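Participant: quick one, structure for this:
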Amino acid sequence: MPQNNIPFIFFGTPTFATVILDELQAKGFLPSCIITTPDKPQGRTLQLTPSPVKVWALSHNIKVLQPETITDEVIEAIKKESPLVGIVAAYGKILPEPLLDLFPKGILNVHPSLLPKYRGSSPVEAALIAGDTTTGVSIMLLDSRMDHGPILAQEEVAITPNSKAPELETVLAHHGGVLLAKMLALWIHNECSATPQDDTRATYTKKISKHNGDISTIHNEEAKYRHFCAYYGWPGSYFIHPKAGRVKITDAEMVNGVFIIKKVIPEGKREMSYDAFQKGYAN
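Facilitator: Modelled structure (predicted):
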């Protein structure tokens with residue numbers, strides 16, 4: 001498919017953003033430059049590892065910038081690309097106002113919730129924790145406040161009973177990418193408008209840390225399963241055992257209203273069935 005001639009810069013970091021890039025490319029949109037976070041040490045060897053978005057950019061021969069912060073020099077480098085619009089998808093850093101002012105058509109953000117519900121960094125997990133049956137994606141115009149800008153378009157997406165955060169996030173990324181591709185040309189050509197959010201209905205999410213996965217103090221069976229689904233992958237769900245220490249839950253299900261643990265990884269051990277774990281630490 002021939003490339004669309006809309007000049008834009010893309011800001012993003014994780015796999016969620018690469019899915020959106022795939023959907024944009026499928027409709028003929030490719031950024032002239034991609035901004036992502038610096039390579040980070042990962043694993044036991046702390047090897048410097050590029051973000052998924054950097055890997056995507058290099059595989060498509062697109063220029064990449066990896067600033068630690070958005071400095072005046074970075075803004076000048078972006079300005080040289082003569083972008084008409086910017087796109088942000090899970091970039092992970094705050095964009096300063098001088099950068100927002102650089103784009104004649106502003107910066108569009110893909111957010112995986114139906115704003116103003118679940119503003120912030122963990123909307124997918126928040127929807128699962130709450131037991132919501134639906135969520136969605138929003139295409140909004142970025143302003144100086146977090147997830148506050150006016151909305152161009154939204155699309156509702158169903159949450160299946162056994163949805164886990166990584167798979168739900170991927171589904172939302174595909175929907176968000178398709179919706180963004182649809183709205184991008186309309187926005188550039190002044191064929192759509194942005195509607196201010198109702199701040200009185202806003203709810204907020206927080207950044208997730210390792211301790212969020214601890215279900216030791218959760219006694220409601222359904223709440224335990226919601227946490228397992230929300231924090232599946234990272235940080236993962238776990239409980240503290242007096243002999244085994246921190247025990248990560250790798251597989252679980254709900255059966256007749258009961259949270260059933262199927263597989264675990266005790267601290268310093270390999271994955272095993274929960275039955276084997278219980279037998280091994282029975283005394």
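
Participant: so in this protein, which strand runs the longest?
Facilitator: Assignment by DSSP state E gives strand 245-255 as the longest strand of the chain.

Participant: what average pLDDT does whichever helix or strand comes after that strand get?
Facilitator: For strand 245-255, the following helix or strand on the C-terminal side (DSSP states H and E) is strand 258-266. Strand 258-266 carries an average pLDDT of 97.

Participant: from the chain's centroid, how far away is strand 258-266?
Facilitator: Between the mean C-alpha location of strand 258-266 and the chain-wide mean there is a distance of 26 Å, by CA atoms, centre = their mean, to the nearest Å.

Participant: do stretch 93-104 as well
Facilitator: With CA atoms, centre = their mean, you get 21 Å for stretch 93-104.

Participant: look at residue 28 and say how many residues are nearby.
Facilitator: As a burial measure, residue 28 scores 14 neighbours (other CB atoms under 10 Å). Placement of C-beta: from N, CA and C, glycine included.

Participant: show me what the longest strand of the chain pairs with in its sheet, parallel or antiparallel.
Facilitator: Sheet pairing for strand 245-255, assigned by DSSP bridges, gives strand 237-241 (antiparallel), strand 258-266 (antiparallel).

Participant: export those as a markdown table, with columns for distance to residue 279.
Facilitator: Rendered in a markdown table, the data for the strands paired with strand 245-255 read as follows (distance: least, CB to CB, whole Å):
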| stretch | distance to residue 279 |
| --- | --- |
| strand 237-241 | 13 |
| strand 258-266 | 12 |
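
Participant: tell me which of these approaches residue 109 most closely.
Facilitator: Relative to residue 109, the nearest member of these by CB to CB is strand 237-241, separated by 29.6 Å.

Participant: buried set for the closest one?
Facilitator: 237-239 (16 or more other CB atoms under 10 Å).

Participant: who does the nearest residue to residue 77 once chain neighbours are set aside bridge with?
Facilitator: When the adjacent residues along the chain are set aside, residue 77 lies closest to residue 65, with 6.3 Å between them (CB to CB, 6 or more residues apart in numbering). Counting by DSSP bridges, residue 65 forms beta bridges with residue 35.

Participant: could you pull up the mean pLDDT of the longest helix anywhere in the chain?
Facilitator: Under DSSP state H, the helix in the chain containing the largest number of residues is helix 165-188. What helix 165-188 shows for mean pLDDT is 97.
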